[in-house]
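Enquirer: need a 3D model of the sequence below.
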Amino acid sequence: MIVNLNEQLTPHFTLREFACKCGGKLRGCQTALPGPATALAHRLEILRTKFYTHGLSVIDSYRCPAHNSATAGSATDSQHLYGRAADIAPVASHLAVVNLHLFTGIGWNIHSGDVSHVDIRPGDVLHPAQWTYNR
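Expert: Numbers count the residues shown, from 1 in each chain. Below you'll find the predicted structure:
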């Protein structure tokens, strides 16, 4: 599948921001998954408006299987594999993000309490999966 990484998904996000960091070079990489990226981008727009007044950058989103395996601490069935996850700068508190009711998966730093991972896995935004990172 050929994708246009310059495709504007929302006012502040292009598909390139959700593309695999391997750049399509690793075996089995689909480069980017436009459907999940678009759904995630719309929710990130809301998060950006609420907490990221200077802009929100996606650190990592879709990961092909090879890139995911090479990423330290990644789950074998990570939501990144499906393009449904984004790692972001830890700015907003986990309770504030939970209360937005936008994401079904939320990971935050145990020391700061700020969110560094959001996803849209199958589930309920009123009762998202939640976990902490010790980094």
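Enquirer: need the longest helix for this protein.
Expert: Using DSSP state H to define each element, the chain has its longest helix at helix 34-51.
Enquirer: what sits up against that helix?
Expert: 3, 7, 9-13, 15, 17-18, 55-56, 58, 61-62, 82-86, 88, 91-92, 96-97, 100, 102-103, 118-120 (CB atoms under 8 Å, 6 or more residues apart in numbering). Every residue, glycine included, has its C-beta placed from N, CA and C.
Enquirer: what about the residue nearest to the spatial centre of the chain, which SS state?
Expert: Centroid check for the chain by CA atoms, centre = their mean gives A86 as the closest residue, at 1.0 Å. Following DSSP: H, G, I helix; E, B strand; the rest coil, the label given to A86 is strand.
Enquirer: and what of H117?
Expert: strand.
Enquirer: hey, what's it bridged with?
Expert: Beta-bridge partners for H117, by DSSP bridges, are D87, G107.
Enquirer: number of nearby residues for it?
Expert: H117 has 22 neighbours, counted by other CB atoms under 10 Å.
Enquirer: if I look at it, how far off is D60?
Expert: 9 Å (CB to CB, to the nearest Å).
Enquirer: please enumerate the shared neighbours of those two.
Expert: In contact with both H117 and D60: 86-87, using CB under 8 Å, 6+ apart.
Enquirer: next, the buried residues of stretch 43-51.
Expert: Neighbour counts over stretch 43-51 (16 or more other CB atoms under 10 Å) mark 43-45, 47-48, 51 as buried.
Enquirer: ok, stretch 123-135 next?
Expert: Buried-residue list, stretch 123-135, by 16+ other CB under 10 Å: P128.
Enquirer: and that stretch, average pLDDT?
Expert: On average, the pLDDT along stretch 123-135 is 94.
Enquirer: any low-confidence regions in this structure?
Expert: Where the chain drops to pLDDT under 70, the residues are 1.
Enquirer: that one: strands as residue ranges?
Expert: Assigned by DSSP state E, the chain shows strands spanning 58-60, 85-88, 105-109, 115-119, 129-133.
Enquirer: the second one: how far from the chain's middle?
Expert: With CA atoms, centre = their mean, to the nearest Å as the basis, strand 85-88 stands 3 Å off its chain's centre.
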